[in-house]
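Chemist: Here is a sequence together with a model predicted from it:
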Amino acid sequence: MIVTRNLYKTYQLGGVKVEALRGVSLDIMPGEFVAIMGASGSGKSTLMHVLGLLDRPDSGEYSLAGENVTTLSDKELALVRNQLVGFVFQQFHLLPRMSALENAELPLIYAGKRHLKQRAEKEMTEVGLKDRMFHKPNQLSGGQQQRVAIARSLVNEPSVIFADEPTGNLDTKSKEEIIAILKELNKKGKTIVIVTHENEIASHAKRIITMRDGQIISDKTVSCESRLSEAGFSGTENLVKDILSRSGSAVKGGMEFLDYLRQAISAMFSHKMRAFLSILGILIGVAAVIAMLAIGTGAKESIEKQLASLGSNLLVVRAGASKSGGVSLEAGTTTRFTLEDVTVIEKLKDYVKRVSPSVTGRAQIVYGNKNWNTQVQGVGVSYAQLRSSVPTVGRFFTEEEVKKRDKVALVGTTVAKEIFGNIKSVGKTIKINQINFRVIGVLPAKGTSGPQDQDDTVLIPITTSMYRLLGKQYIDSIYVEVKNADSTDAAQEAISALIIKQHRLITKDQQDSFSIFNMSDIKSTLTSTTDTMSLLLGAIAAISLLVGGIGIMNIMLVSVTERTREIGLRKAIGANNKDILVQFLIEAVLMSFIGGLAGIALGSGVSVLITLIAKWSVRVSLSSVLLATVFSLVVGVVFGLWPAKQASRLNPIEALRYE
Ligand code: ADP
Ligand code: MG
């Protein structure tokens, strides 16, 4: 069963070399019950670890069940450990958060034999713990814990059991129970190798090997019973080969994933505060991403909607250069527009459909005891059609009223609500900057655009606003509706040429002293502005997500360190590097995923709140939700990977010894 030749193992302790094994050669037949004895520090545990495939010798040969195992890869070793070998430690090494039964089931998970759960129950019954299966290890006595550990070593029906001082921490009665179980197992055909200090334990063995200073100094067969039964154990030559070849075809099912998930959840619950804080990091990051993108998208959409309502055939002529930066203009080189310019532009009948001047200012409106500060805009008659401002109630003002500078006004719905409440407004007289105006109509509701309420406005005739109310000599801007949307550019040039001629603008500076915006220009400017804004907001949000990710990484690293012994134990019972990697990765991803989901909920909630309270239009898009979900998963993987890799690289014995 076990054949070793010249095993050497040397530890480097500071500058000192400790030769734990110095040429151990040993044959153990199938079905033997061997006790290894010797003083403390004589290399017994080291030998056991090498025999149990938990550690590799520095040199020498070792073949287990006819296969040279010194050349196997880590993954293959894990597999053989899992299937062929059972290991029982002096310190039991049960996982504290799991029930006794779950502890006993562990090797099945790594064998991909989750469906054989009843085997664990059977072994638990076998070691006499049928009624303690659902107790946690800390609710069991030492003897009971060791029996759980024995059940665990048996679930995968190994051929060899290694027990390193299994009774070292137990009272006399428990010792007897454990030794009885081991004897029983040996009777059923298992090969047993046990390390012990105590003669009375060793006396149960059929062969006693004594070690000193890393060497075997005596090897006595007490009873030849085992040698006689050799014939009954002839089928061991191909055990390792079989296991390795079977592993090619055996696929660990999705059940394994569920196990990892369950473990991840229980790990999270055992450190609630810690898990909560790292989840919080991701949560805030994702919520920020969702809310910021929602604000960006909302702003963009409302601007686009507004632009669409303006129509693409609208031109706006303004005094001053269109470029705010760049060349600064000489003083006095701003073209000032008058009502005459409006009349002249109106005459370009080939291009122009409607023209309206506009001046704006702020004013205080008073009605009864109500007071309201709002925007007052003086416009021409064509403005009604030009800017879709035909009143819903009442009428627009006429050319006659413009000519006579009549004090008539149209109010936006917000103004109507603020100063009239529910009372009908048409026909009422209001004071605008202390001048009496008659309300002749209510403007159609246009809603908000970004933070700006378009219904918080009052329209009056251009002449009234310039000469009676705001005291302006010049027009702020001229709205031009082009006849045909396709000829917008031509119209723009024609109007430009006309203004240059009209105002006798000669130098380049002078010709730059006014500007004509067309809607597609404005649109692209605004869109690029909102895009930049969205990008900025998104970047800020992404940074907070990154910080959240680092939080997860930190917690995972702590968790790996804290659970080093757990990792060692899992490896000792057959988990390979990938199993450990996946386990920790799932834990990280689970945390970031929960954070992601909660973040989406919070982010959407905040967006809705912004819509309700600030009355901004905010839009949570499906794509931002998907983006946030994917991103949070990626954060989990990226930041979980390193700690998980650290965990998976641990050497089982070193990890088990970790304090
Ligand atoms: P035993 O189990 O017989 O008491 P061990 O096999 O545990 O002895 O140890 C054999 C020798 O190797 C001891 O001198 C011990 O100090 C040394 N040793 C064991 N493990 C390590 C290690 N990880 N690092 C350094 N020295 C070690
Ligand atoms: Mg020891």
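Modeler: Received, thanks. Ligands and ions are numbered 1, 2, ... in the order given.
Chemist: Just give the number of residues close to residue 608.
Modeler: 14 (other Cβ atoms under 10 Å). Backbone N, C-alpha and C define where each C-beta goes, glycine included.
Chemist: Helix or strand next in line after the helix or strand bottoming out on mean pLDDT in the chain, which one?
Modeler: Within the chain, no helix or strand scores below helix 225-228, which has a mean of 48 by mean pLDDT, DSSP states H and E. For helix 225-228, the succeeding helix or strand toward the C-terminus, using DSSP states H and E, is helix 239-249.
Chemist: Show me what counts as buried in that next one.
Modeler: 239, 240, 243, 244, 247 (16 or more other Cβ atoms under 10 Å).
Chemist: do the same with stretch 57-67
Modeler: Buried-residue list, stretch 57-67, by 16+ other Cβ under 10 Å: 57, 60, 62, 64, 65, 67.
Chemist: ok, now stretch 538-556?
Modeler: 538, 541, 544-546, 548-549, 551-556.
Chemist: Looking at those, which is nearest ligand 1?
Modeler: Ranked by distance to ligand 1 (Cβ to the nearest ligand atom), the buried residues of stretch 538-556 are led by residue 556 at 26.1 Å.
Chemist: hang on, the earlier thing: for the buried residues of helix 239-249, please prepare JSON lines with the additional fields distance to ligand 1.
Modeler: Formatted as JSON lines, those follow (distance: Cβ to the nearest ligand atom, whole Å):
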{"residue": "239", "distance to ligand 1": "26"}
{"residue": "240", "distance to ligand 1": "25"}
{"residue": "243", "distance to ligand 1": "27"}
{"residue": "244", "distance to ligand 1": "28"}
{"residue": "247", "distance to ligand 1": "30"}
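Chemist: by contact count, what packs against whichever strand or helix holds residue 218?
Modeler: Residue 218 is located in strand 215-221, with elements delineated by DSSP H and E. Helices and strands touching strand 215-221, by 3 or more Cβ pairs under 8 Å, 6 or more residues apart in numbering; DSSP states H and E, are strand 16-28, strand 207-212.
Chemist: swap the cut-off to 6 Å and go again
Modeler: Applying 3 or more Cβ pairs under 6 Å, 6 or more residues apart in numbering; DSSP states H and E, one finds that strand 215-221 makes contact with strand 207-212.
Chemist: Run through who's touching the lengthiest strand in the chain.
Modeler: For the chain, the strand reaching the highest residue count under DSSP state E is reported as strand 352-367. Where contact means Cβ atoms under 6 Å, 6 or more residues apart in numbering, the residues beyond strand 352-367 that reach it are 342, 345-346, 372-380, 382-383, 386, 419, 430-433, 462, 465-466, 470, 472, 475-481, 483.
Chemist: Please name the residues that touch the residue of the chain positioned farthest from its centre.
Modeler: No residue in the chain sits farther from the centre than residue 404, which is 67.3 Å out by Cα atoms, centre = their mean. Residues near residue 404 by Cβ under 6 Å, 6+ apart: none.
Chemist: Just the buried ones from the contacts of strand 352-367?
Modeler: 342, 345-346, 372, 374-380, 382-383, 386, 419, 430, 432, 462, 465-466, 470, 475-481, 483.
Chemist: among those, which are in strands?
Modeler: Among the buried ones among the contacts of strand 352-367, the members that lie in strands (by DSSP E) are 372, 374-379, 430, 432, 477-481.
Chemist: Can you name the residues of the chain sitting close to ligand 1?
Modeler: Within the chain, the positions lying close to ligand 1 (Cβ under 6 Å from any ligand atom) are 11, 13, 18, 20, 38, 40, 41, 42, 43, 44, 45, 46.
Chemist: confidence score at the closest residue to the fourth one other than its chain neighbours?
Modeler: Using Cβ to Cβ, 6 or more residues apart in numbering and skipping residues adjacent in sequence, the residue nearest residue 20 is residue 46, 4.0 Å away. As predicted, residue 46 sits at a pLDDT of 92.
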